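Peer 1: sequence below, structure please.
(one chain, ligands or ions: 2)
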Amino acid sequence: MHSTSLTLLAIESSCDDTAAAVLRDGRVVASIVASQRIHEGFGGVVPELASRAHQRLIVPTVEAALDEASVGKHDLDAVAVTYGPGLAGSLLVGLSFAKALALGLDIPLIGVNHLEGHIYSVFIDEPYPTFPFLCLTVSGGHTLLTLVKEGFVHEELGRTRDDAAGEAFDKVAKILGLGYPGGPEIDRLAANGDPNFRVFPSPRLPNKDHEKNYAFSFSGIKTNVLYFLRDLHDNERKGMLDEHLPDIAASFQKAVVDALVGAIRDAVEETGVKSVAIVGGVSANSGLRASAQLAAEQDGFELYVPALKHSVDNAAMIAVTGAFKLAAGQTSELSLTAEPALTL
Ligand code: KG4
Ligand code: ZN
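Peer 2: Ligands and ions are numbered 1, 2, ... in the order given. Okay, the predicted model is just below:
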């Protein structure tokens, strides 16, 4: 699937993970992710802290990846880097580093769109999907359903109008007094909760007449959790959280998962495409994985979800996407700039 006899370094620094990976002869041979724990106490990523941490972590992270791959920088044939979307200051650290390396070593620079990186994360480990495939990208910053027709040719079926799915997990976790990032915490609690404890509003916008709607809105469900707790008396609220935290987590997760899997099922029916990928941080969710797998068995489609470490942000996905782009002759100029608001 990937081009061979090539040693490529990839760098990802779009948000709060400093990551580097090495791809050699078509395989990812090293992948290092230095997660920034400094944001935990803030309930979200603090952009200025993130860029400073990237500056501190970029050299040791790249060195660790090269060491793990037993590769020297003079063995590199190309360098791939995320240039957007993401936090401006964070993107700039990885991009400047990659440009300097490309210039110093006189090797091609390949700018990678972070969202394409997530989509192509299904090509890190076999089995790979064949084109065309449907891809649901669900992360902290994005929620979109795409028909991937062939390499780098996509048709968007729908996206969120406001918050991303991961953002909803993180914000609801904060309302429930849980830590950041909230997705894994809610996932863990939901495993022991009753998903039918409470019905939260669906984050999927309704189908109109005979037209399928693949648009989402996650701000309503977040507000609904907030108001549900706010409208209780103080002692009731305490009792509710003490006794029913796993049930609230499971009910919230069910509403999100049902909306996402419902959209996938409709898209499979409408397009007739029988390969489906779910990528991005929220694809690590065990409820989403289980429900999508069940739908795949019932509706007869193949499901592709990356390994957990490749669901959340990593540089292996940037390496694989970079190799595809290089093979397609899509290299970048050294004047490439960071594009914080880049979309697919
Ligand atoms: O893809 P990612 O690492 O970064 C972005 O590109 O945004 O996604 C991070 C998001 C966070 O919102 C986090 O809460 C969510 O993925 N997440 C999860 C789980 N693990 C990570 N959400 C639900 N369940 C999980 N197990
Ligand atoms: Zn991401």
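Peer 1: hmm, residue 257 is touching residue 282, no?
Peer 2: No. Applying CB atoms under 8 Å as the test, residue 257 and residue 282 come out as separate, 9.5 Å apart. All C-beta atoms are positioned from the backbone trio N, CA, C, and that covers glycine.
Peer 1: show me what contacts residue 183?
Peer 2: The neighbourhood of residue 183, defined by CB atoms under 8 Å, 6 or more residues apart in numbering, consists of 166, 169, 170, 173, 281, 282, 284, 285.
Peer 1: how about 6 Å then?
Peer 2: 166, 169 (CB atoms under 6 Å, 6 or more residues apart in numbering).
Peer 1: distance of residue 197 relative to ligand 2?
Peer 2: Distance, residue 197 to ligand 2, by CB to the ion, to the nearest Å: 31 Å.
Peer 1: convert stretch 236-251 to PDB, retaining C-alpha atoms only.
Peer 2: The C-alpha trace of stretch 236-251 is given here as PDB (Å, rounded to 0.1, in the frame of the first residue of the first chain):
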ATOM      1  CA  GLU A 236     -30.500  16.400  45.500                       C
ATOM      2  CA  ARG A 237     -27.600  17.200  43.100                       C
ATOM      3  CA  LYS A 238     -25.100  15.800  45.500                       C
ATOM      4  CA  GLY A 239     -27.200  12.600  45.900                       C
ATOM      5  CA  MET A 240     -27.600  12.400  42.100                       C
ATOM      6  CA  LEU A 241     -23.800  12.600  41.500                       C
ATOM      7  CA  ASP A 242     -23.000  10.300  44.400                       C
ATOM      8  CA  GLU A 243     -25.400   7.600  43.300                       C
ATOM      9  CA  HIS A 244     -25.900   8.000  39.600                       C
ATOM     10  CA  LEU A 245     -22.700   9.400  38.000                       C
ATOM     11  CA  PRO A 246     -22.100   6.200  36.000                       C
ATOM     12  CA  ASP A 247     -25.800   6.200  34.900                       C
ATOM     13  CA  ILE A 248     -25.500   9.800  33.700                       C
ATOM     14  CA  ALA A 249     -22.200   9.000  31.900                       C
ATOM     15  CA  ALA A 250     -23.800   6.000  30.300                       C
ATOM     16  CA  SER A 251     -26.900   7.800  29.200                       C
END
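Peer 1: and it, what's buried?
Peer 2: Across stretch 236-251, burial judged by 16 or more other CB atoms under 10 Å covers 244, 245, 246, 247, 248, 249, 250, 251.
Peer 1: ok now do the second one, which residues does it touch?
Peer 2: Just to be clear, that refers to residue 245. So residue 245 contacts nothing (CB under 6 Å, 6+ apart).
Peer 1: against residue 166, how distant is it?
Peer 2: Per CB to CB, to the nearest Å, residue 245 is found 20 Å from residue 166.
Peer 1: could you do the last one as well?
Peer 2: According to CB to CB, residue 251 stands 18 Å off from residue 166.
Peer 1: the buried residues of stretch 236-251 in helices, which ones?
Peer 2: With helices taken from DSSP state H, the overlap with these comprises 244, 245, 246, 247, 248, 249, 250, 251.
Peer 1: tell me the contacts of the last one?
Peer 2: It stands for residue 251. Counting by CB under 6 Å, 6+ apart, the residues that residue 251 touches are 195, 197, 198, 200.
Peer 1: and the first one, which helix or strand is it part of?
Peer 2: Using DSSP states H and E, residue 195 maps to neither a helix nor a strand.
Peer 1: burial measure for the residue of the stretch 51-200 of the chain found nearest ligand 2, as a count.
Peer 2: When scored by CB to the ion, the stretch 51-200 of the chain has residue 139 as its residue closest to ligand 2, at 4.2 Å. A count of neighbours around residue 139, defined by other CB atoms under 10 Å, yields 24.
Peer 1: most remote residue from this structure's center?
Peer 2: Going by CA atoms, centre = their mean, the residue of the chain most distant from its centre is residue 235, 38.2 Å out.
Peer 1: surely that one is within a strand?
Peer 2: No. Counting by DSSP: H, G, I helix; E, B strand; the rest coil, one finds residue 235 to be helix, located in no strand.
Peer 1: now it: how far from residue 247?
Peer 2: From residue 235 to residue 247 the distance is 18 Å (CB to CB).
Peer 1: now do residue 128
Peer 2: Distance from residue 128 to residue 247, by CB to CB: 39 Å.
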